[in-house]
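A.B. asks: dropping a prediction and its sequence here:
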Amino acid sequence: MPSEIAKKLAFEILGNVDPVVTSARLGRLSIAGRKDVDTPNFFAVSSRGVIPHMTPDVVASNFNGAGIHIAIEDFIEKKEPPVLKCPGPSPLHTFTALPRTLFTLLAPRRTPAVMSPNANTNTTVSVFTSDGFRQPSNKQYISMIQKLQPDICIPLADIAYGTKPGVKRITKMPGRTEKWVADHIQDCEHQTIFAPILPIDFSSQWEYVNSLEEQANRIAGLAFYDSSLLPDIPATTAMSSLPRLSLDEPASPHHILRQVSLGMDIFTIPFVGFATDAGISLTFTFPKPSSSTENNLNDSGLSTVPLGIDMWNTSHASSTIPITPSCTCYTCTSHHMAFIQHLLSAKEMLGWALIQIHNQHIISEFFKAVRASIKNGTFEMDSEGFARYYESELPAKSGQGPRMRGYHFKSEASEPKRNEKPWTVGLDAQYSALVPDTAVDLKEKEFAEKTTD
Ligand SMILES: [Zn+2]
């Protein structure tokens with residue numbers, strides 16, 4: 001008998017695809033008060049509940065994903081995070097001014113998480129916040145979930161970020177996670193819980209996964225930290241009919257397609273934000289353009305069609321065409337490449353905002369096309385064509401990005417500062433360039449001495 005947990009979020013597998021077999025599948029997530037989400041689909045990665053470079057009104061009018069991924073990690077540098085004081089039935093929507101039609105997905109850690117050198121314990125995880133180290137316990141995390149009432153939440157998992165866990169650590173991870181998930185299920189009876197699947201061998205966590213299977217009616221979905229484990233999950237109807245969320249951080253659309261082919265339903269995709277910060281506009285379409293030939297290979301047999309355009313490249317400075325002429329996003333229908341190139345060169349933040357609007361649009365169109373392709377029965381063929389047509393990796397970053405924050409990199413001892421000094425250098429140089437003669441004149445006239453008397 002399904003409990004209220006499973007009832008709150010409904011997941012329907014559409015079409016004639018056998019839910020027990022791991023293959024690309026179509027589905028629909030629905031929850032009272034939110035817009036239904038057709039899957040495969042994605043949650044935008046947020047920073048403190050904000051999709052970087054997008055204001056709430058821009059999200060409302062230009063964002064077509066399922067919702068946003070929010071990390072508790074972003075809020076716990078203060079003892080009493082302001083987000084916990086937000087009123088209403090959905091404090092996260094109130095705090096972030098997120099449109100009510102979009103889902104909130106609350107996870108313990110950012111994606112990707114900021115690494116912490118300290119170890120987790122049997123009851124706590126170690127988090128490196130902007131204001132030092134914190135060690136929230138599972139009990140504290142559960143109490144925050146109870147207050148924040150996200151549409152979907154992911155229980156705490158014992159994961160070693162940044163390091164490959166040793167044999168001893170691997171034996172601890174499933175046991176700790178099992179206990180934390182069990183406590184979470186018990187204390188959050190009315191919550192929609194996506195149980196974490198750990199990024200270690202299935203053989204090391206089969207007992208934990210079996211425990212999830214026994215209580216499949218108390219969980220609403222599975223959250224994979226490693227998508228390659230999907231085929232190992234017990235092929236029972238109870239487990240297979242749960243929606244699957246990928247926290248596996250795909251590095252390119254090719255990786256997304258691979259995960260979709262395994263039966264993944266929902267994604268978080270950090271590379272969209274990374275591309276935007278680097279000034280790269282995504283330009284891929286799925287399936288590959290129909291007018292294209294297969295002659296896009298170089299001598300090594302590798303594809304030469306890039307997945308994106310580096311907008312820092314000065315060759316765009318006189319280009320009066322949109323990033324992608326066929327794109328229907330706000331950026332492409334309102335501005336040309338030369339304008340965006342100019343904004344980046346001037347470090348004007350509107351540049352990144354326009355690129356982010358376009359990039360989020362490209363990803364939502366990508367998923368729309370993936371769903372159409374699965375529906376048409378051409379997904380496998382379309383994926384092969386896409387893999388042959390496009391380069392395997394996104395273009396490398398060439399220009400500067402927005403000001404770096406702690407979560408953008410792993411800080412190392414005695415390294416030089418990542419951010420340039422904001423103004424002083426420019427002003428000093430400007431001043432000395434403009435007024436050297438005047439300064440000398442004043443000195444000659446002993447003006448300086450007089451004024452100090
Ligand atoms: Zn566009």
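C.D. replies: Okay, I see it. Keep in mind that this is a model prediction, so the values were computed, not measured.

A.B. asks: need the contact partners of the helix or strand hosting residue 58.
C.D. replies: Assigned by DSSP states H and E, residue 58 belongs to helix 56-62. Helix 56-62 is contacted by residues 51, 54, 96-99, 102, 329-330, 353, 357, 360-361 when judged by Cβ atoms under 8 Å, 6 or more residues apart in numbering. The way it works is simple: take the backbone N, C-alpha and C, and place the C-beta from them, glycine included.

A.B. asks: which bits of the stretch 351-453 of the chain sit near the ion?
C.D. replies: residue 358 (Cβ under 5 Å from the ion).

A.B. asks: could you list the low-pLDDT ranges of the stretch 351-453 of the chain?
C.D. replies: Flagging of the stretch 351-453 of the chain using pLDDT under 70 yields the residue ranges 403-453.

A.B. asks: in the stretch 151-300 of the chain, which residue sits closest to the ion?
C.D. replies: Of all residues in the stretch 151-300 of the chain, residue 281 sits closest to the ion, at 7.6 Å by Cβ to the ion.

A.B. asks: downstream neighbour of the one helix or strand that residue maps to in the secondary structure list?
C.D. replies: Secondary structure from DSSP H and E places residue 281 in strand 280-282. Sequence-wise, the next helix or strand downstream of strand 280-282 (DSSP H and E) is strand 308-310.

A.B. asks: hmm, that following strand in reach of the ion?
C.D. replies: No. Strand 308-310 lies apart from the ion when judged by Cβ under 5 Å from the ion; the minimum separation is 11.0 Å.

A.B. asks: average pLDDT for that strand, rounded please.
C.D. replies: Across strand 308-310, pLDDT averages out at 96.

A.B. asks: what do you get for stretch 279-294?
C.D. replies: For stretch 279-294, the mean pLDDT works out to 87.

A.B. asks: then stretch 36-54?
C.D. replies: 96.

A.B. asks: before we move on, what about stretch 263-275?
C.D. replies: Here the average pLDDT along stretch 263-275 is 96.

A.B. asks: what residues of that stretch count as buried?
C.D. replies: The neighbour-count criterion (16 or more other Cβ atoms under 10 Å) identifies 263-275 as the buried residues of stretch 263-275.

A.B. asks: make JSON lines out of the residues you listed and add secondary structure.
C.D. replies: As requested, those are exported to JSON lines (DSSP: H, G, I helix; E, B strand; the rest coil):
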{"residue": "263", "secondary structure": "coil"}
{"residue": "264", "secondary structure": "coil"}
{"residue": "265", "secondary structure": "coil"}
{"residue": "266", "secondary structure": "strand"}
{"residue": "267", "secondary structure": "strand"}
{"residue": "268", "secondary structure": "strand"}
{"residue": "269", "secondary structure": "coil"}
{"residue": "270", "secondary structure": "helix"}
{"residue": "271", "secondary structure": "helix"}
{"residue": "272", "secondary structure": "helix"}
{"residue": "273", "secondary structure": "helix"}
{"residue": "274", "secondary structure": "helix"}
{"residue": "275", "secondary structure": "helix"}
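
A.B. asks: ok, so of those residues, who is nearest residue 121?
C.D. replies: residue 268 (26.6 Å; Cβ to Cβ).

A.B. asks: please enumerate the helices of the stretch 301-450 of the chain.
C.D. replies: 330-334, 337-345, 350-376, 379-389, 424-434, 436-444, 447-452 (DSSP state H, counting those that start in this stretch).

A.B. asks: give me the spatial nearest neighbour of residue 72, chain neighbours excluded.
C.D. replies: Excluding the flanking residues, the one nearest residue 72 by Cβ to Cβ, 6 or more residues apart in numbering is residue 108, at 5.3 Å.

A.B. asks: mind exporting stretch 142-157 as CSV, just the C-alpha atoms?
C.D. replies: In CSV, the C-alpha atoms belonging to stretch 142-157 read as follows (Å, rounded to 0.1, in the frame of the first residue of the first chain):
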residue,chain,number,x,y,z
ILE,A,142,16.2,16.5,8.5
SER,A,143,14.9,19.4,10.7
MET,A,144,15.8,21.9,7.9
ILE,A,145,14.0,19.7,5.4
GLN,A,146,10.9,19.7,7.6
LYS,A,147,10.9,23.5,7.7
LEU,A,148,11.7,24.1,4.0
GLN,A,149,9.2,21.6,2.6
PRO,A,150,10.9,21.2,-0.8
ASP,A,151,9.0,19.4,-3.6
ILE,A,152,11.7,16.8,-3.7
CYS,A,153,14.5,16.2,-1.2
ILE,A,154,17.6,14.0,-1.2
PRO,A,155,18.6,12.5,2.1
LEU,A,156,22.2,12.9,3.4
ALA,A,157,24.7,10.4,1.9
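
A.B. asks: what residue in the stretch 1-150 of the chain comes nearest to the ion?
C.D. replies: Closest point on the stretch 1-150 of the chain to the ion, by Cβ to the ion, is residue 62, at 10.0 Å.
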